[in-house]
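Undergrad: Sharing a model prediction with you, sequence too.
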Amino acid sequence: MGDPLHNELALVPWWTTFVLTSAYLFGSCIGSFLNVVIYRLPAGKSVVHPGSACPSCEQPIAWYDNLPVVSWFVLLGKCRHCKAPFSFRYAAIELAVGLFAAGLVYRYGLGPFALSHFVAASIMIAIAGIDHDSFLIDTRMTLALAVTGLLSQVAKAYEAGDSLWQGPLWALCAGIGAFGLLWLIGYVASSVVGEEAMGGGDAPLFAAIVILLGPASIPLVLLLTGIQGMLIWALLRHRGGVGDHDVEHEDGWAPSERHVPMGLFLVLAALEMQLGGDALTDAYLDFVARLI
């Protein structure tokens, strides 16, 4: 991995500011594109053509009304033409992806490792948004995440001067093990409650995340997913739980208030691990050591 940006460029702080600002702007633009992916992909629409338009009046959105984050606040979250409201989630995703890009560059510096992790994070954010809206995880996106994870492991080994195949191979093996572990947990839970307790896309997503983050991430990702999922569900239970429960799948299945889009919380845990992986892992191991 590259050295943190603040170490690489400590003597030229103005350049550090420029690089981080550029990373934020680039990330927020990618966040704007991810909004399109989250909205159009489940509907089977092209994510490239046509250009952005208001969902209500279908008027094309001009470039100056499509600036990440800024335009939402300038327009007060409404369409310029019909005044229909735009969800704040659009601006929130743009802001979050921009800040995440800057955080990756600050933590890992400029290099293939940071770039591969940003690509992986972008894929995961799209997966999380779609899972929230439809309780579905696109297999193609999970496969893309797994491939990106392997490339990230190669980049990590290259920057560290290690073997280019040993680390990726261990990560791939860990991903297969992670798939089996979560599938088993879902099978046992389904047998206990008498109905499907876990979606079919959760175990492959967990496997792809472990390929990206490495074998040591397995217990911590599961722990963060479980704790944060239960906590946020409890906090939002009064408004119907987590996720869009108005959707209905082709087979007639519709989520109830007790169902949670687990992919959303797997992604949240993975993003946290990307930015604070070593510190989170060390804190977890220290906590376990104290218990023992």
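TA: Yes, it's here.
Undergrad: For whichever strand or helix holds Leu220, which helices and strands make contact with it?
TA: If you go by DSSP states H and E, Leu220 is part of helix 217-236. Judged by 3 or more Cβ pairs under 8 Å, 6 or more residues apart in numbering; DSSP states H and E, helix 217-236 is in contact with helix 166-193, helix 202-213, helix 262-291. (C-beta placed from N, C-alpha, C; glycine too.)
Undergrad: Helices along the stretch 51-200 of the chain, start to end?
TA: Listed in chain order, the helices of the stretch 51-200 of the chain (DSSP state H, counting those that start in this stretch) span 70-74, 88-108, 112-134, 139-160, 166-193.
Undergrad: Can you give the domain ranges for this protein?
TA: 1-109, 111-292 (automatic domain parsing).
Undergrad: Check those domains for me and report the most buried one.
TA: Stretch with highest mean neighbour count among the domains of the chain: domain 111-292 (a mean of 18; mean count of other Cβ atoms under 10 Å).
Undergrad: Now Ala62: closest residue in space that isn't a chain neighbour?
TA: Closest residue in space to Ala62, ignoring its immediate chain neighbours: Arg80 at 7.8 Å, by Cβ to Cβ, 6 or more residues apart in numbering.
Undergrad: check contacts around the one you found.
TA: 59, 62, 65 (Cβ atoms under 8 Å, 6 or more residues apart in numbering).
Undergrad: Of those residues, which is the nearest to Leu212?
TA: Using Cβ to Cβ, Asp65 comes nearest to Leu212 of the contacts of Arg80, at 35.2 Å.
Undergrad: you'd agree the closest one is up against Leu75?
TA: Yes: judged on Cβ atoms under 8 Å, Asp65 makes contact with Leu75 at a distance of 6.3 Å.
Undergrad: on that earlier part again, mean pLDDT and distance to Glu248 added to the helices of the stretch 51-200 of the chain, as CSV?
TA: CSV is the format used below for the helices of the stretch 51-200 of the chain (pLDDT from 0 to 100; distance: least, Cβ to Cβ, whole Å):
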stretch, mean pLDDT, distance to Glu248
helix 70-74, 92, 30
helix 88-108, 94, 21
helix 112-134, 95, 10
helix 139-160, 93, 20
helix 166-193, 91, 21
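Undergrad: any chance of those in a markdown table, plus distance to Cys29?
TA: Formatted as a markdown table, those follow (distance: least, Cβ to Cβ, whole Å):
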| stretch | distance to Cys29 |
| --- | --- |
| helix 70-74 | 12 |
| helix 88-108 | 8 |
| helix 112-134 | 11 |
| helix 139-160 | 19 |
| helix 166-193 | 30 |
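Undergrad: With just CA atoms, put stretch 126-137 into CSV.
TA: The C-alpha atoms that make up stretch 126-137 are tabulated as CSV, following Å, rounded to 0.1, in the frame of the first residue of the first chain:
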residue,chain,number,x,y,z
ALA,A,126,-24.7,0.7,-5.7
ILE,A,127,-25.4,-2.8,-4.3
ALA,A,128,-26.5,-1.3,-1.0
GLY,A,129,-28.8,1.3,-2.6
ILE,A,130,-30.5,-1.4,-4.8
ASP,A,131,-30.9,-3.8,-1.9
HIS,A,132,-32.5,-1.0,0.2
ASP,A,133,-35.0,-0.3,-2.6
SER,A,134,-35.8,-3.8,-3.8
PHE,A,135,-34.4,-6.3,-1.4
LEU,A,136,-32.4,-7.7,-4.3
ILE,A,137,-28.7,-8.0,-4.9
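Undergrad: Run the chain-centre distance for it.
TA: Its chain's average C-alpha position is 10 Å from that of stretch 126-137, according to Cα atoms, centre = their mean, to the nearest Å.
Undergrad: Show me what it is in contact with.
TA: 34-35, 37-38, 41-42, 93, 138, 141-142, 145, 199, 201-202, 204-205, 242-244, 247, 249, 255, 259, 261-264, 267-268.
Undergrad: one more time with 7 Å, if that's ok
TA: 34, 37-38, 41-42, 138, 141, 199, 201-202, 205, 243-244, 247, 255, 259, 261, 263-264, 267 (Cβ atoms under 7 Å, 6 or more residues apart in numbering).
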